[in-house]
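>>> coordinates only, sequence not included:
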């Protein structure tokens, strides 16, 4: 089943003071324990846009959302398999790894974010341990959302949300709409607070209440507020809406740091939960069961050689998920 | 059993641009549902010192730690009873109160902190619902620590800590030593990080490990870190010592706000827990069973008419608990 790798170079998008297409990028070399994956589809995420602004001082091939096909592996049964994969590659030997928390290994590399080239290329490598096979019933267009859907599911790993709980999601972007769908499955009393009514089609179809901030009742509050707007003003509003003894779950990273009044947090006994990567297997199970709709979140698909244009579109306000698909030879 | 109230005035400490003794302060009038309490002993807390610096813009009689004797009540069986009491008096009718969270009622008064005169006086009033009877075996000198001990216990109400968990307490003041004793009962792997070896006698007697920050191993970290130093530098260190996916429990209020890097909190998936008042009944049970030692935490007892002097001592670095005792007529 293995495709032939035609030669030693490939097409890739590269960040080094801006972003550019490189048609002569060296083909990555697989280390022992790693697989070489051919990219089928890759998604542009807010983190990729932040990398372009200098976040994490990343230089190289960005991209961490993908679905692809294994081309080279120690275990030949993997070759030809359709896979998605977790993004953190831990060292496996430090105290953090020994605690079973490799996702936070201080020496980890992270696919297309830290010390490891990413998925906006014909090929990339990843440890075999990071892979998850994509079930047959899940399309490539759905599977490419596994990573952000897993990040949405991480909220429930960190804090139980139950039927009847009052919950607000601040942000109606791609991640916000995934989070809203995930939380709606709990039967909680959910309100999404957004700024882009043109993006609300899927929420409305699923009967998830969504509103502009200024249309909320003056005394609006919720026991759990999820901030995924990525904006300082979004965080400030989210904090205001958390009930005393409530939970503010922060999914965004910020280029400008929002202010946090620690004394008020103590007086109100608010818990602030930093939340990042989540469980891939659960995300794939939800996709397989059709419980989460992701395909309406696709803005447009570009070929990889239109990647610079694709980044331009992804940076425009109010855009949904922009996908990249390498050309096949 | 009721003592005669000799007249309409009493002795009280008053905050109004500084602190002063008032020998002609009006005796408080009990409302229906409230009791009038004669102060036996009252403790000066860091919050009282902050009020003096302008915190919460409080004017009136400060003080919220006390043990006293009921003098007037709707229920005559209460008269003569030795009591401690919770400090928040909720409105009882707002949505927060209906959720059963009166401690966070936005219209609440708080004894000696917000809209209600406090315990640094011969007499004060409190809702009957706030009272807890002091068990016979608990001395006045122990009972006066019920409120701060309850605040220490709140940590376990908010976050489970188990045998073997790595836990650090940053701060070796009065609250830090109470918290350390409470957490030590869980069997956790505890380290107290302090700055005042002269206060470590009780910790050492109880075999609770305590150290200066610069004597910690360079890679020191803990799953749960409790910050109760009240200092910006203490918070910054506490944050540094929390393991990824760990918990930073903040017990202090701050006059100068420490910096919080939200993006780092998200990347490390750290949970920041604001923590305040706690369960009085559990605090009294621990005192009754002799599981927590509080009397070694007493620095000195002053009579109420030496109250200004007592505040001066309480403000000095490294002092333990300063108590006030109204004179009996």
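Sure, I can see it. All values derive from a computational prediction rather than experimental measurement.
>>> all helices for chain A, in order.
Assigned by DSSP state H, chain A shows helices spanning A:46-52, A:95-98, A:140-143, A:146-158, A:174-184, A:201-205, A:232-241, A:262-267, A:280-288, A:307-315.
>>> which of the ones you listed is buried the deepest?
helix A:174-184 (a mean of 26; mean count of other CB atoms under 10 Å in any protein chain shown). Bear in mind the C-beta positions are built from the backbone N, C-alpha and C, glycine included.
>>> Show me what it is packed against.
helix A:146-158, strand A:166-170, strand A:189-194, helix A:201-205 (3 or more CB pairs under 8 Å, 6 or more residues apart in numbering or on different chains; DSSP states H and E).
>>> Report all helices and strands that the first one contacts.
With contacts defined as 3+ CB pairs under 8 Å, 6+ apart, the packing partners of helix A:146-158 are strand A:65-72, helix A:174-184, helix A:280-288.
>>> just the second one next, same as before
For strand A:166-170, the helices and strands in contact under the criterion 3+ CB pairs under 8 Å, 6+ apart are helix A:174-184, strand A:189-194, strand A:222-227, helix A:232-241.
>>> Mean pLDDT added to those, as a markdown table?
Listed next are the helices and strands packed on strand A:166-170 as a markdown table, based on pLDDT from 0 to 100:
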| stretch | mean pLDDT |
| --- | --- |
| helix A:174-184 | 97 |
| strand A:189-194 | 98 |
| strand A:222-227 | 98 |
| helix A:232-241 | 97 |
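>>> now those as JSON lines including distance to residue B:328?
Shown next, in JSON lines, are the helices and strands packed on strand A:166-170 (distance: least, CB to CB, whole Å):
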{"stretch": "helix A:174-184", "distance to residue B:328": "60"}
{"stretch": "strand A:189-194", "distance to residue B:328": "56"}
{"stretch": "strand A:222-227", "distance to residue B:328": "48"}
{"stretch": "helix A:232-241", "distance to residue B:328": "49"}
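>>> need the residues of chain A near chain B, please.
Contacts of chain A with chain B, taken as CB under 8 Å from any CB of the partner chain, map to A:95-96, A:99, A:101, A:103-104, A:154, A:158, A:219, A:221, A:235, A:243-245, A:250-254, A:257-258, A:260-263, A:265-276.
>>> Of the residues you listed, select the buried ones using a PyMOL command.
Buried members of the residues of chain A next to chain B, defined by 16 or more other CB atoms under 10 Å in any protein chain shown, are picked up in PyMOL with:
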select buried, chain A and resi 96+99+101+103+104+154+158+221+235+243+244+245+250+251+252+253+254+258+260+262+263+265+266+267+268+269+270+271+272+273+274+275+276
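>>> Mind checking which of the residues of chain A next to chain B land in strands?
A:243, A:244, A:245, A:250, A:271, A:272, A:273, A:274 (DSSP state E).
>>> quick one: the second one and residue A:265 touch, right?
No: under the criterion of CB atoms under 8 Å, residue A:244 is not in contact with residue A:265, lying 10.4 Å apart.
>>> What separation is there between the nearest residue in space to residue A:295 that is not next to it in sequence and chain B?
Distances taken as CB to CB, 6 or more residues apart in numbering or on different chains place residue A:141 nearest to residue A:295, at 5.2 Å, with adjacent residues excluded. According to CB to the nearest CB, to the nearest Å, residue A:141 stands 28 Å off from chain B.
>>> Do I have it right that residue A:141 meets residue A:298?
Yes: using CB under 8 Å, residue A:141 makes contact with residue A:298 at a distance of 6.4 Å.
>>> list the residues that contact both of those two?
Residues touching both residue A:141 and residue A:298 by CB atoms under 8 Å, 6 or more residues apart in numbering or on different chains: residue A:323.
>>> returning to what we had before: of the helices and strands packed on strand A:166-170, which is nearest residue B:9?
Residue B:9 lies closest, by CB to CB, to one member of the helices and strands packed on strand A:166-170: helix A:232-241, at 43.9 Å.
>>> which residue sits closest to the residue of the stretch 51-200 of chain A found nearest chain B in space, ignoring its chain neighbours?
For the stretch 51-200 of chain A and chain B, the shortest gap (CB to the nearest CB) falls at residue A:104, measuring 3.2 Å. Excluding the flanking residues, the one nearest residue A:104 by CB to CB, 6+ apart is residue B:244, at 3.2 Å.
>>> Need the per-residue pLDDT for whatever residue of the stretch 201-329 of chain A ends up closest to chain B.
Closest to chain B within the stretch 201-329 of chain A is residue A:244: 3.2 Å, counting by CB to the nearest CB. Residue A:244 is assigned 94 on the pLDDT scale.
>>> what about it, distance to residue B:129?
19 Å (CB to CB, to the nearest Å).
>>> repeat for residue A:46
Applying CB to CB to residue A:46 and residue B:129 gives a distance of 49 Å.
>>> residue contacts, the nearest residue to residue A:86 once chain neighbours are set aside?
Excluding the flanking residues, the one nearest residue A:86 by CB to CB, 6+ apart is residue A:130, at 4.4 Å. The contact partners of residue A:130, taken as CB under 8 Å, 6+ apart, are A:85, A:86, A:87, A:88, A:89.
>>> I'd say residue A:227 and residue A:250 touch.
Yes: contact criterion CB under 8 Å: residue A:227 and residue A:250 qualify, at 5.1 Å.
>>> give me the low-pLDDT residue ranges for chain A?
Within chain A, the stretches with pLDDT under 70 are A:1-7, A:329.
>>> try 80
A:1-7, A:328-329 (pLDDT under 80).
>>> Centroid-wise, who is the farthest residue in it?
In terms of distance from the mean C-alpha position of chain A, residue A:267 ranks first, at 33.5 Å (CA atoms, centre = their mean).
>>> if I look at residue A:92, how far off is residue A:307?
To residue A:307, residue A:92 is 33 Å away according to CB to CB.
>>> Now the nearest residue to residue A:304 once chain neighbours are set aside: phi and psi?
Nearest residue to residue A:304 in three dimensions, chain neighbours excluded: residue A:326, at 4.4 Å (CB to CB, 6+ apart). Backbone torsions of residue A:326, given as degrees, to the nearest 10, read phi -60, psi 140.
>>> Do I have it right that residue A:326 meets residue A:11?
Yes: Residue A:326 is within contact range of residue A:11, at 6.4 Å (criterion: CB under 8 Å).
>>> ok, and the closest non-adjacent residue to residue A:252?
residue A:230 (3.9 Å).
>>> Based on its surroundings, how many neighbours for the one you found?
Counted with other CB atoms under 10 Å in any protein chain shown, residues neighbouring residue A:230 total 22.
>>> now residue A:135
For residue A:135, the neighbour count with other CB under 10 Å is 14.
>>> Now for residue A:187: which residues touch it?
Residue A:187 sits next to A:162, A:163, A:164 when contact means CB under 8 Å, 6+ apart.
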